[in-house]
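Peer 1: would you be able to build a 3D model of this:
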Amino acid sequence: IPLSAIPSAPQNYPLYIRSVPTENELKFHYTVHTSLDVVDEKISAMGKALVDQRELYLGLLYPTEDYKVYGYVTNSKVKFVMVVDSSNTALRDNEIRSMFRKLHNSYTDIMCNPFYNPGDRIHSRAFDTMVNSMMMQVC
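Peer 2: Have a look, this model is predicted:
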């Protein structure tokens, strides 16, 4: 079951990309990059209401024939995008929301590291482990 997760900087360049399985990785990269435009549209449509909310889960951005694309935005405008196989009907909205919270918490841990420069690509064993366990849980 394919799954792709990516946090991106406010300028929309990827900080971390992970796909399972890896044979269609380029297709997932394209899907993720196109979905960042949808995230920006949702943020601008929500306007000030999004800033006032503590819940940053954007929900389903768009479904395709094979995949569902979900989005999440942090207060600092870092975007998380997740692509999930649409045949995975066991995955509920609250589970996706929980996965985004785990990603956000792990990302926050990385940001608290004094040796990490904000905006650099993420190279963290702890983050990799968390993403891999989350992906295996879904698959």
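Peer 1: show me how far the longest helix seen in the chain is from its chain's centre.
Peer 2: Secondary structure assigned by DSSP state H gives helix 25-46 as the longest helix of the chain. Distance of helix 25-46 from the chain centroid (C-alpha atoms, centre = their mean, to the nearest Å) equals 10 Å.
Peer 1: begin at 582 from now on, thanks
Peer 2: Fine by me, first position is 582 from now on; the one you just mentioned is helix 606-627.
Peer 1: report the buried residues of it.
Peer 2: Across helix 606-627, burial judged by 16 or more other C-beta atoms under 10 Å covers 609, 610, 612, 613, 614, 616, 617, 620, 624. Placement of C-beta: from N, CA and C, glycine included.
Peer 1: equivalent analysis for stretch 637-646, please.
Peer 2: Buried residues in stretch 637-646 (16+ other C-beta under 10 Å): 637, 638, 639, 642.
Peer 1: same question for stretch 654-667.
Peer 2: 654, 655, 659, 660, 661, 662, 663, 664, 665, 667.
Peer 1: ramachandran angles for the fourth one?
Peer 2: The one in question is residue 660. phi -110, psi 140 (degrees, to the nearest 10).
Peer 1: and stretch 660-670, how far from the chain's centre?
Peer 2: For stretch 660-670, the gap between its own C-alpha mean and the chain's C-alpha mean amounts to 9 Å (C-alpha atoms, centre = their mean).
Peer 1: lovely, talk soon.
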